[in-house]
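Asker: need the 3D shape of this:
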Amino acid sequence: MRKLIEHCPGCGGQLIVSQMDCGTCHTRVEGLFQPSAFDRLSPESLAFVELFVRLKGNMKEMERELSVAYSTVRHRLDDVVRELGPQQEPIPAETDTDPPATDQRRSDILHRLDQGEINPAEAVQLLGGDQ
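Answerer: Next comes the predicted model:
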């Protein structure tokens, strides 16, 4: 997939998409179009996101496909989120009323516990247990 050019090759200024042409029927659409957040991603991050979507967000499959540890995949995903920029709407935090962890989520939580990323009390809470 080709990305839109974001910056002017002459002065480095921000480019704005103002025209789109159909290669088949030659219809032309003019206006000011804002690129999506994904157009800001580096080619490496875009490839990571494409793989993530193809694997339906399965972190274990990402580990296998990239031949790296879970923590590396997680850090790379965090980097992509930072690259996308600030969130428009905050993602609600987990609450005690959240459903119990799925097998994949449970595995991820236990892995984070094993790696020292969370403590046992946090793991119990994330798994939906009592405190």
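Asker: only C-alpha atoms for contact and neighbour calcs from this point on.
Answerer: Will do.
Asker: show the pLDDT at residue 99.
Answerer: Here, the pLDDT recorded for residue 99 equals 52.
Asker: how many residues are close by residue 80?
Answerer: Residue 80 has 19 neighbouring residues, counting by other Cα atoms under 10 Å.
Asker: right, and it touches residue 47 too?
Answerer: No - between residue 80 and residue 47 no contact is recorded; they are 10.6 Å apart, counting by Cα atoms under 8 Å.
Asker: may I have the phi/psi pair for residue 60?
Answerer: In this entry, residue 60 is assigned phi and psi values of phi -60, psi -40 (degrees, to the nearest 10).
Asker: who are the contact partners of residue 63?
Answerer: For residue 63, the set of contacting residues under the criterion of Cα atoms under 8 Å, 6 or more residues apart in numbering consists of 69, 70, 73.
Asker: just those now: which is nearest residue 107?
Answerer: For those, the residue nearest residue 107 by Cα to Cα is residue 70; the value is 11.0 Å.
Asker: residue ranges with poor pLDDT in the chain?
Answerer: Within the chain, the stretches falling below the threshold (pLDDT under 70) are 1-4, 87-101, 129-131.
Asker: residue contacts, residue 110?
Answerer: Residues in contact with residue 110, defined by Cα under 8 Å, 6+ apart, are residue 123.
Asker: sec struct for it, please.
Answerer: helix (DSSP: H, G, I helix; E, B strand; the rest coil).
Asker: got it, and residue 128?
Answerer: Secondary structure state of residue 128, per three-state DSSP, is coil.
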